[in-house]
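K.L.:
return a 3D structure for these sequence lines:
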Amino acid sequence: MLKYLARPDLVPDGFTANAIRYPLSALIYLPWFIVGIRTRQMRGLWLMALIPSGANLIMQTLWAWAPYYLDAGLLAFLLRLCVVWTILGALLLFKDERRLASSPAFVAGAGLAVSGFVVMSWGALQAGSGASVTGIAIIFGCGIFWGVYSIAVRAVMGRLHPLVVFSVVSAYTSVGLLATAPLGEPAAVLQLPPGAMAILGLSSLVGIALAHGLYYIAVQRIGVAICSLMLIAAPFVSILTSWWAFGETFTSKQWLGGLVLLAGAALAVNTQKHIRPAVPPDAADVVVDPSR
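P.N.:
Presented below is the predicted three-dimensional model:
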């Protein structure tokens with residue numbers, strides 16, 4: 001969706017895209033923000049949330065600019081390949097996740113998943129074009145700060161309700177992105193046709209509000225390493241959906257790579273189930289009903 005909008009006649013720059021998308025998603029989480037205040041979950045969170053928010057601000061800025069310099073396929077490939085650093089960081093910094101590194105099954109599963117992803121994506125990369133040095137630098141920087149963001153989220157969140165935490169992080173991030181909006185051309189949004197405006201809103205709802213909210217929940221329940229590993233399976237899910245819904249055809253390499261990816265991810269997840277204890281239900285469900 002961002003690649004479609006990244007046109008001079010639609011959304012001319014990343015600053016403008018972010019100034020609309022993130023504040024919209026922050027408004028969706030306003031009920032959890034209010035509940036966090038009412039249930040006194042904000043003690044200490046006001047200050048600690050600045051850490052993931054700072055990383056998120058940089059990451060979102062780089063991510064919004066990447067489509068202006070890279071093809072969608074190469075962009076997705078490079079960003080997901082950077083999850084390797086996120087996994088390594090989580091294994092080094094969190095004791096309960098560090099135990100995964102001592103499991104040959106997890107190491108084998110992670111290796112298979114990454115290898116399958118590379119094989120699956122290679123054909124699409126060869127067919128693509130337009131890989132600038134600036135674009136590659138942007139997406140690698142984005143990947144690094146995604147790793148910092150993910151690790152900081154888990155460290156700060158602890159046993160607080162994940163959606164309350166994201167409501168604060170999204171609010172802080174929105175303030176920062178609105179502050180950078182004058183560097184772009186925010187007035188261009190007023191000229192968007194209805195269809196493009198709808199896509200911009202949908203990218204906020206799906207790409208930020210829904211995706212980040214679910215990610216926070218998953219990080220608290222199964223950890224950063226497994227969550228990051230599962231993210232690289234998303235392209236194969238898209239392939240399966242396109243094949244089933246639209247009858248699209250794909251190469252044998254894409255199918256082989258995707259199946260190896262899924263097998264590796266399944267092996268890693270199965271290993272995690274036997275090594276890392278699950279978060280008790282009450283820890284992840286401190287706040288259930290935002291209307292209370």
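K.L.:
what does stretch 211-228 rub up against?
P.N.:
25, 29, 83, 86-87, 89-91, 94, 96-97, 100, 150-151, 153-154, 157, 159, 162-163, 165-166, 170, 230, 268-269, 272, 276, 278-279, 283-284 (C-beta atoms under 8 Å, 6 or more residues apart in numbering). (C-beta placed from N, C-alpha, C; glycine too.)
K.L.:
is it true that Ser204 touches Asn18?
P.N.:
No. Using C-beta atoms under 8 Å, Ser204 makes no contact with Asn18, being 10.0 Å away.
K.L.:
more neighbours: which of those two?
P.N.:
Comparing Ser204 with Asn18 by other C-beta atoms under 10 Å, the one with more neighbours is Asn18, at 28 against 23.
K.L.:
list phi and psi for that one.
P.N.:
phi -70, psi -30 (degrees, to the nearest 10).
K.L.:
give me the nearest residue to it, chain neighbours excluded.
P.N.:
Distances taken as C-beta to C-beta, 6 or more residues apart in numbering place Leu177 nearest to Asn18, at 4.3 Å, with adjacent residues excluded.
K.L.:
how about the strands in the stretch 51-200 of the chain?
P.N.:
Shown for the stretch 51-200 of the chain, no strands are assigned by DSSP state E, counting those that start in this stretch.
K.L.:
and the contacts of stretch 211-228, which are buried?
P.N.:
Neighbour counting with 16 or more other C-beta atoms under 10 Å marks 25, 29, 83, 86-87, 89-91, 94, 97, 100, 150-151, 153-154, 157, 162-163, 165-166, 170, 230, 268-269, 272, 276, 284 as buried within the contacts of stretch 211-228.
K.L.:
now Gly111. Nearest residue, chain neighbours left out?
P.N.:
Nearest to Gly111 is Gly264, by C-beta to C-beta, 6+ apart, at 6.8 Å.
K.L.:
can you say which helix or strand has the one you found in it?
P.N.:
Using DSSP states H and E, Gly264 maps to helix 252-275.
K.L.:
run the chain-centre distance for that helix.
P.N.:
Centroid separation between helix 252-275 and its chain, computed with C-alpha atoms, centre = their mean, to the nearest Å, is 20 Å.
K.L.:
counting by contacts, list what that helix packs against.
P.N.:
Helix 252-275 is packed against helix 95-101, helix 104-127, helix 224-231, helix 234-246, with contacts defined by 3 or more C-beta pairs under 8 Å, 6 or more residues apart in numbering; DSSP states H and E.
K.L.:
cool, thanks, signing off.
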